[in-house]
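Undergrad: need a 3D model of the following:
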Amino acid sequence: MKISASIYSDKKRPLNEVIEDLVAHQVDLLHVDCNDDLNVFNDIKKIREWCSLPIDLHIITSVPEKYFDLLIENPVEYVTFQYEDLKTPLVLPKEISGKKGLAVITPTTVEVFDTYSYSDFDFILIMATIPGQSGGVFDKINFSKIRQFRKKYPSKSIHVDGGVNGEVSFILRNMGVSSSVSGSYLFNAPSVGHALMNLTKREIESQYCVEDFMIPLAESPVVNYSGATTKSILEAVEQGNYGFALVVGNQNKLVGLVSSADIRKALLRKIEQPSEIQSDDLINKFPTTIKATTTVYEMLQLIKKSSFPVMYLPVVDEHQNAVGIVNFVHLIKGEI
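TA: Have a look, this model is predicted:
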């Protein structure tokens, strides 16, 4: 996941010193907030003279047309317009280069993307706090919003702005977010380098629980153990597009987990008689599980103690009923 440093969050130093510091610490992107201020492009011109870091421009305006010529004359790598401030649907000239995004605040649903052609925008920018207010707390309802957008628009990227600290950064990486904006957290730390280390490290002290960001049972591929067949299990894994299926009994009591690895093992065991493979052959009835109330830090300690790589972690309540699952595929991909 790329870290986009919000350059105006540092109120104590001149802009050139801020940029020099960010370049020295090798941030990925420079996030430039434009609250309907054309003078921002004077800063963009200066930044282009000082460094070659990609610019991540976020424009809040009700009259986007007045920025079109400036964007053509001063191309940026990423440009985002705030959806709620637009009076009419946004139509960007083809001459504007770079990746294009639409920003939405927490109460706005991701379905607003449906009002545009699929090719109009490359990514969504989810504002997890109030736009323009530095130092806000990440609203955990946005974890659900990220899952919804990922499912609805699988080929689009997800960017997040607001309340991103070390713990939230870990969760976002695990959810497959492409870029996160960091402002006050980055500049209020003892140093930019110290903050960046916290944003990218794997060990995180936590205030969030697993249930805050897990894939809930309602969104997970699920097979009822009663009457489950080899075919129904394989179809659930295939149609779920996650690479696994949870197997549950009465009242969603967790019976086990079926992953691609479990299917492969069952085939190898009965490679000579594949027709004899039964549903029970596919189910791992003793998967590593975790409670919904477990913190992120405790979850990481559990995974560290495991004698094998954990790709999928079923989540249960105090009665061992399945309530969801944590999928580590995005995190593993992001660490490659």
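
Undergrad: which residue ranges of the stretch 101-250 of the chain form strands?
TA: With DSSP state E, counting those that start in this stretch as the definition, the stretch 101-250 of the chain shows strands at residue ranges 123-127, 157-161, 179-182, 215-216, 222-224, 244-248.

Undergrad: how near is the nearest residue to Phe143 once chain neighbours are set aside to Leu102?
TA: Nearest non-adjacent residue to Phe143, counting by Cβ to Cβ, 6 or more residues apart in numbering: Phe213, 4.2 Å away. C-beta: built from backbone N, CA, C; applies to glycine. With distances taken as Cβ to Cβ, to the nearest Å, Phe213 is found 23 Å from Leu102.

Undergrad: Leu186 touches Ala5, doesn't it?
TA: Yes - taking Cβ atoms under 8 Å as the definition, Leu186 is a contact partner of Ala5 at 5.7 Å.

Undergrad: beta partners for Gln158?
TA: Slight slip there: residue 158 is Ile, not Gln. Ile124 (DSSP bridges).

Undergrad: quick check: the residue nearest to Phe143 vs Ser144, distance?
TA: 9 Å.

Undergrad: show me which of those two is the more surrounded one.
TA: Neighbours per residue (other Cβ atoms under 10 Å) separate Phe213 from Ser144, with Phe213 holding more: 22 against 14.

Undergrad: who's in contact with the more buried one?
TA: Lys140, Phe143, Ile171, Asn174, Met175, Val326 (Cβ atoms under 8 Å, 6 or more residues apart in numbering).

Undergrad: where's the dip in pLDDT among those residues?
TA: Lowest-confidence member of the contacts of Phe213: Asn174, scoring 86 (pLDDT).

Undergrad: go ahead and confirm Met311 touches Phe328.
TA: Yes - counting by Cβ under 8 Å, Met311 does reach Phe328; the two are 5.6 Å apart.

Undergrad: test my guess that Asp302 contacts Thr295.
TA: I think there's a mix-up here, since residue 302 is Leu and not Asp. No - using Cβ under 8 Å, Leu302 is not in contact with Thr295, being 10.6 Å away.

Undergrad: show me where this structure dips below the pLDDT cut-off.
TA: Along the chain, segments meeting pLDDT under 70 span 130-135, 189-192, 194-195, 197-206, 330-336.

Undergrad: how close does Glu219 sit to Thr115?
TA: The value you get for Glu219 to Thr115, if Cβ to Cβ is used, is 24 Å.

Undergrad: looking at these two, which one has more neighbours?
TA: Neighbours per residue (other Cβ under 10 Å) separate Glu219 from Thr115, with Glu219 holding more: 16 against 11.

Undergrad: gap between the more buried one and Leu57?
TA: Glu219 is 33 Å from Leu57, by Cβ to Cβ.

Undergrad: now do Phe113
TA: For Phe113 relative to Leu57 (Cβ to Cβ), the value is 20 Å.

Undergrad: more crowded one of those two?
TA: Leu57 (23 against 19).

Undergrad: ok, residues contacting the helix or strand encompassing the more buried one?
TA: Element membership of Leu57 [criterion: DSSP states H and E] is strand 55-60. With Cβ under 8 Å, 6+ apart as the contact definition, strand 55-60 has outside contacts at 4, 29-36, 40, 44, 47, 67, 76-82, 85, 103, 125, 131-132, 159, 161, 179, 181.

Undergrad: only the buried subset of these, as a ChimeraX command please.
TA: Buried residues among these (16 or more other Cβ atoms under 10 Å), as a ChimeraX selection:
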select :4,29,30,31,32,33,34,40,44,47,67,76,78,79,80,81,82,85,103,125,131,159,161,179,181
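
Undergrad: in helices, which of the contacts of strand 55-60 appear?
TA: Among the contacts of strand 55-60, the members found in helices (DSSP state H) are Val40, Ile44, Ile47.

Undergrad: need these in TSV (columns: distance to Val247).
TA: Below are the ones in helices among the contacts of strand 55-60 laid out as TSV (distance: Cβ to Cβ, whole Å):
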residue	distance to Val247
Val40	54
Ile44	54
Ile47	54
